[in-house]
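A structural model of the following input is requested.
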Amino acid sequence: MGIDVDLAARNNRLVRLLAVSLAWATLEILYQEKNRTGARIKKPTLAARSPFNERAVRLTAKANIVDRELYYWVLSTTTTNKDDVVYKDSFKETLHGEFQSLAPFKRVSPAIVDTWSSYLNNMEQLKAPETVSRLFFSTNPCKKTVVDAPTEWNAKQKLDTFWTRLFGEALGMSILQWETFDMIFFPIWGAAQEYVICFDLPDGKMNIIDHSFPEPDASVEAKYGKTPFLLKKFFSEALTRCKVPKMAAQVRKCRTHVVTMPWRNSNLIDEGRIYVMRHMETYFGESEKDWECGLGPSGTKSVEMFRIKYARTLLTCIYNTRGGDNQKKATRFWKEKPAKFKFENWVDLYGIE
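A predicted model of the protein is given here:
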């Protein structure tokens with residue numbers, strides 16, 4: 001009987017993941033309309049919501065004109081406009097200067113990943129009712145609590161700091177019903193590693209999603225230390241403090257699972273933060289063989305293109321109240337570019353004097 005239940009659960013998830021929707025086309029229209037008029041966007045109807053990751057940013061071989069305008073503007077004017085707010089939604093504000101970290105070969109800043117988490121939480125409004133419900137936290141709860149904590153801090157100090165940060169974010173995001181979430185994502189931001197831990201409560205797993213290979217025959221603890229264990233402990237205790245004992249028990253029972261995606265590699269260490277962003281965006285709990293995120297084990301060009309696409313997405317998405325102004329500024333700036341300007345060459349040579 002248990003086997004039949006497990007099989008049915010897997011089949012149900014596969015059906016959800018393989019469903020085809022028109023959500024992306026709808027969202028593209030909303031983007032264009034919002035940036036054209038600056039008008040408020042109506043809440044999407046059920047028919048316009050996506051049962052699959054059609055909400056994900058699409059990778060293309062080349063940047064389109066909007067991509068080029070936004071990327072050229074945001075990187076070229078960082079010095080003069082670094083303190084301008086260019087992203088603002090109901091929870092998060094991000095300054096122009098932070099987008100410099102999306103330049104080629106730069107290490108993406110935690111502020112950009114935190115902005116990405118806020119964007120993804122907003123995008124959950126576009127999910128179809130039958131799709132798993134996901135919640136994304138910023139890098140802040142885990143920073144210097146479950147990873148790279150000060151050596152002088154005791155366990156209570158670490159837990160209290162984690163709880164305070166987590167609860168603060170939950171309040172800011174107006175999370176009142178924790179039980180409505182199936183998957184909870186934490187970007188782990190350490191001095192040596194960046195990866196994602198995702199609690200998949202329906203499957204009873206604490207998934208470690210990391211693009212880098214471990215050393216041969218290395219254990220989970222040898223690669224990740226006490227971080228996964230501490231996060232499970234702290235998160236379950238935080239849920240207990242939030243008066244959600246059933247969910248706290250689910251978290252405590254989650255078994256550790258390292259997701260072995262085919263695009264894992266040990267070559268693109270400095271690009272780990274782009275992998276973190278893409279993994280958070282596209283992971284719905286599917287098996288490794290069914291998960292396609294658009295990245296490859298040696299695809300430096302695809303990582304480079306994601307930097308361009310993610311800059312454009314954050315700067316002009318429908319949840320960013322500065323999106324219309326950003327697009328207007330970028331278009332004006334693009335018109336003033338040098339006569340022989342070649343975007344692809346500019347990207348390839350960016351930062352090289």
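
contacting residues for Lys223?
When contacts are counted by C-beta atoms under 8 Å, 6 or more residues apart in numbering, Lys223 touches 214-215. For the C-beta atoms, the positions are set from N, CA and C on the backbone; glycine is no exception.

pretty sure it belongs to a helix, no?
Yes: judged by DSSP: H, G, I helix; E, B strand; the rest coil, Lys223 forms part of a helix.

Now do it, the pLDDT please.
Predicted confidence (pLDDT) for Lys223: 92.

Please enumerate the helices of the stretch 151-300 of the chain.
Secondary structure of the stretch 151-300 of the chain by DSSP state H, counting those that start in this stretch: the helices cover 155-172, 220-224, 227-241, 245-253, 272-282, 300-316.

Work out the gap between the fourth one and the centre of the chain.
Okay, so that is helix 245-253. Computed by C-alpha atoms, centre = their mean, to the nearest Å, the separation of helix 245-253 from the middle of its chain amounts to 24 Å.

With the second one instead?
A distance of 23 Å separates the C-alpha centroid of helix 220-224 from that of its chain, computed with C-alpha atoms, centre = their mean.

Now do the strands in the stretch 1-150 of the chain.
Using DSSP state E, counting those that start in this stretch, the strands assigned to the stretch 1-150 of the chain run over residues 85-88, 93-95, 134-136.

Which strands border the longest one, and is each parallel or antiparallel?
Sheet partners assigned to strand 85-88 using DSSP bridges are listed as strand 93-95 (antiparallel).

Give me the contacts around the partner strand.
By C-beta under 8 Å, 6+ apart, the residues outside strand 93-95 that reach it are 82-88, 111-112, 114-115, 314.

If any of these are buried, give me the ChimeraX selection for them.
One line in ChimeraX is enough to select the buried ones among those; burial here means 16 or more other C-beta atoms under 10 Å:
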select :86,87,111,112,114,115,314
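
okay, the contacts of strand 93-95 in CSV with pLDDT and distance to Glu344 next?
What follows is the contacts of strand 93-95, written out as CSV (pLDDT from 0 to 100; distance: C-beta to C-beta, whole Å):
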residue, pLDDT, distance to Glu344
Lys82, 94, 26
Asp83, 96, 30
Asp84, 97, 27
Val85, 98, 30
Val86, 98, 24
Tyr87, 98, 26
Lys88, 97, 31
Ala111, 97, 28
Ile112, 97, 23
Asp114, 98, 30
Thr115, 98, 26
Leu314, 98, 22
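
hmm, back to that, could you dump the strands of the stretch 1-150 of the chain to JSON lines with distance to Ile308?
As requested, those are arranged in JSON lines below (distance: least, C-beta to C-beta, whole Å):
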{"stretch": "strand 85-88", "distance to Ile308": "16"}
{"stretch": "strand 93-95", "distance to Ile308": "17"}
{"stretch": "strand 134-136", "distance to Ile308": "22"}
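
Of these, which is nearest Glu215?
Glu215 lies closest to strand 134-136 among the strands of the stretch 1-150 of the chain, at 29.6 Å (C-beta to C-beta).

Can you give the contact residues for that closest one?
Contacts with strand 134-136, where a contact means C-beta under 8 Å, 6+ apart, come from 117-118, 120-121, 124, 127, 175, 181-185, 280, 284.

if we go to 6 Å?
Strand 134-136 has contacts (C-beta atoms under 6 Å, 6 or more residues apart in numbering) with 117, 120-121, 124, 181, 183-185.

Same question for stretch 327-334.
The list of residues contacting stretch 327-334 from outside it, by C-beta under 6 Å, 6+ apart, reads 35, 69-70, 73, 316.

go on, stretch 231-239?
Here stretch 231-239 has contacts from 146, 159, 162-163, 166, 197, 206, 247-248, 251-252, using C-beta under 6 Å, 6+ apart.

Need the buried ones from those residues selected in PyMOL.
In PyMOL, this line selects whichever of the contacts of stretch 231-239 come out buried by 16+ other C-beta under 10 Å:
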select buried, resi 146+159+162+163+166+197+206+247+248+251
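
Specify which member of the contacts of stretch 231-239 is nearest to Val303.
Sorting the contacts of stretch 231-239 by distance to Val303 puts Ile197 at the head of the list, at 21.7 Å, by C-beta to C-beta.

re the thing from before, of the contacts of strand 134-136, which one scores lowest on pLDDT?
Taking the contacts of strand 134-136 together, the minimum pLDDT is found at Glu124 (92).

how many neighbours does the closest residue to that one other than its chain neighbours have?
For Glu124, ignoring the flanking residues on the chain, the nearest one in space by C-beta to C-beta, 6 or more residues apart in numbering is Arg134 at 6.0 Å. With neighbours defined by other C-beta atoms under 10 Å, the count for Arg134 comes to 22.

before we move on, the earlier item: quick one: closest of the strands of the stretch 1-150 of the chain to Trp263.
Comparing the strands of the stretch 1-150 of the chain under C-beta to C-beta, the one sitting nearest is strand 134-136, at 20.9 Å.

gap between that closest one and the chain center?
Relative to its parent chain, strand 134-136 has a centroid offset of 9 Å by C-alpha atoms, centre = their mean.

Which among the contacts of strand 134-136 count as buried?
Burial of the contacts of strand 134-136 was assessed by neighbour count (16+ other C-beta under 10 Å); the buried members are 117, 120-121, 181, 183-185.

can you count the residues close to the closest residue to Leu75 other than its chain neighbours?
Distance criterion C-beta to C-beta, 6+ apart; nearest residue to Leu75, sequence neighbours excluded, is Ala103 at 5.3 Å. Close neighbours of Ala103, defined as other C-beta under 10 Å, add up to 17.
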